[in-house]
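Visitor: Model the following, please.
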Amino acid sequence: MSVRSIIISEMQRVAAEQKQTLGRLEDSTSLLELGLDSLGFAILVARLEEVLGVDPFTMSDDVAVPVTLGDLADLYEQASELAEQKV
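Guide: Sure, this is the predicted structure:
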């Protein structure tokens, strides 16, 4: 399963658990339009760290804040690649 697919799957899971409705799950969709609140995003980041084994927000002091779903997916893909290179 790709990093993008995992992110979308976990978003859907968090939204269902939090009884929230997600917006369009497209790369161009703003994270603000997705429908997750701050708690939902916090849960998502924690879950993604468990599933993917990386937290791009703590891997570097120079992390660009993601604005869209595509940005978020790219951030996690890059972090996953960096983690694999370090092994």
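Visitor: how far does the strand or helix carrying Leu75 sit from the chain's center?
Guide: Assignment of secondary structure by DSSP states H and E places Leu75 within helix 69-86. Distance, stretch centre to chain centre, for helix 69-86: 10 Å (C-alpha atoms, centre = their mean, to the nearest Å).
Visitor: Flag every buried residue along that helix.
Guide: By 16 or more other C-beta atoms under 10 Å, the buried positions in helix 69-86 come out as 69, 71-80. Every residue, glycine included, has its C-beta placed from N, CA and C.
Visitor: May I have it exported as PDB, CA atoms only?
Guide: What follows is helix 69-86 as a C-alpha-only set of coordinates in PDB (Å, rounded to 0.1, in the frame of the first residue of the first chain):
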ATOM      1  CA  LEU A  69      -3.600  16.800   1.000                       C
ATOM      2  CA  GLY A  70      -1.000  16.500  -1.700                       C
ATOM      3  CA  ASP A  71       1.500  18.500   0.400                       C
ATOM      4  CA  LEU A  72       0.900  16.200   3.400                       C
ATOM      5  CA  ALA A  73       1.300  13.100   1.300                       C
ATOM      6  CA  ASP A  74       4.500  14.400  -0.200                       C
ATOM      7  CA  LEU A  75       5.900  15.300   3.200                       C
ATOM      8  CA  TYR A  76       5.300  11.800   4.500                       C
ATOM      9  CA  GLU A  77       6.600  10.200   1.300                       C
ATOM     10  CA  GLN A  78       9.800  12.200   1.600                       C
ATOM     11  CA  ALA A  79      10.200  11.300   5.300                       C
ATOM     12  CA  SER A  80       9.600   7.600   4.600                       C
ATOM     13  CA  GLU A  81      12.300   7.700   1.900                       C
ATOM     14  CA  LEU A  82      14.800   9.500   4.200                       C
ATOM     15  CA  ALA A  83      14.100   6.900   7.000                       C
ATOM     16  CA  GLU A  84      14.700   4.100   4.600                       C
ATOM     17  CA  GLN A  85      18.000   5.600   3.500                       C
ATOM     18  CA  LYS A  86      19.200   5.800   7.100                       C
END
